[in-house]
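**Student:** coords below, sequence missing:
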């Protein structure tokens, strides 16, 4: 039987360390950009010290992630922490500004990849070409989505999948219904 009454928060420090490493930033470089000591940052990454809200804002800016990503650690039952993410406990990631709502399906960012649930609102588009040093695979659950990968246009439908390997890409949902996709991204970028 699963124990469900004891709550265990996911580790902010582990996620910060994973994001920092995924961006190729050393502990010393990040500490310097924050105007903090390496010792302080090391303690934050090991969950021995709790950063202030202002510190979290500066860390988020330095790592190029929305500050909401650092606040979204929902408690999970101790037996499930690091293993299971319940539908109501997903962390929202990204800004949502372009009409894209993303939720982290992975328990945290400490793996070699992240899994993301993406909902592309009707008549939305990213508005810029994205290039990132990642490998990404997506699977469309519902709706349709137009992709431009390395200048080539594609329309993907439910059941279709696609791959992007560090290539320039953009997405557009010119349709009247939302498109929902699952993305696996390596290394984690959020």
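**Tutor:** Alright, I've got the coordinates. Bear in mind the structure is a predicted one, so any value in this text is a computation, not a measurement.
**Student:** could you pull out the strands for the protein?
**Tutor:** 7-8, 76-77, 91-93, 100-104, 114-120, 124-125, 135-142, 145-149, 152-156, 161-165, 169-173, 179-186 (DSSP state E).
**Student:** Dump these to a markdown table, plus mean neighbour count, distance to residue 49 and mean pLDDT.
**Tutor:** The C-beta positions use only the backbone N, C-alpha and C, and glycine is treated the same way. Compiled in a markdown table, the strands of the chain are given as follows (neighbours: other CB atoms under 10 Å; distance: least, CB to CB, whole Å; pLDDT from 0 to 100):
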| stretch | mean neighbour count | distance to residue 49 | mean pLDDT |
| --- | --- | --- | --- |
| strand 7-8 | 12 | 19 | 34 |
| strand 76-77 | 18 | 22 | 73 |
| strand 91-93 | 20 | 22 | 78 |
| strand 100-104 | 19 | 24 | 87 |
| strand 114-120 | 21 | 25 | 94 |
| strand 124-125 | 18 | 40 | 94 |
| strand 135-142 | 17 | 34 | 98 |
| strand 145-149 | 18 | 42 | 98 |
| strand 152-156 | 13 | 44 | 98 |
| strand 161-165 | 14 | 37 | 98 |
| strand 169-173 | 20 | 38 | 96 |
| strand 179-186 | 19 | 29 | 96 |
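**Student:** now those as a markdown table including distance to residue 46?
**Tutor:** A markdown table is the format used below for those (distance: least, CB to CB, whole Å):
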| stretch | distance to residue 46 |
| --- | --- |
| strand 7-8 | 16 |
| strand 76-77 | 20 |
| strand 91-93 | 21 |
| strand 100-104 | 22 |
| strand 114-120 | 21 |
| strand 124-125 | 40 |
| strand 135-142 | 29 |
| strand 145-149 | 39 |
| strand 152-156 | 42 |
| strand 161-165 | 34 |
| strand 169-173 | 36 |
| strand 179-186 | 25 |
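**Student:** and residue 59, which of these is closest to it?
**Tutor:** For the strands of the chain, proximity to residue 59 was assessed by CB to CB; strand 91-93 is nearest, at 15.2 Å.
**Student:** I'd say residue 56 and residue 65 touch.
**Tutor:** No: with the criterion set as CB atoms under 8 Å, residue 56 and residue 65 do not qualify as a contacting pair; they are 10.4 Å apart.
**Student:** And the two? Which one has more around it.
**Tutor:** The residue with more neighbours, out of residue 56 and residue 65 and counting by other CB atoms under 10 Å, is residue 65; that gives 21 against 18.
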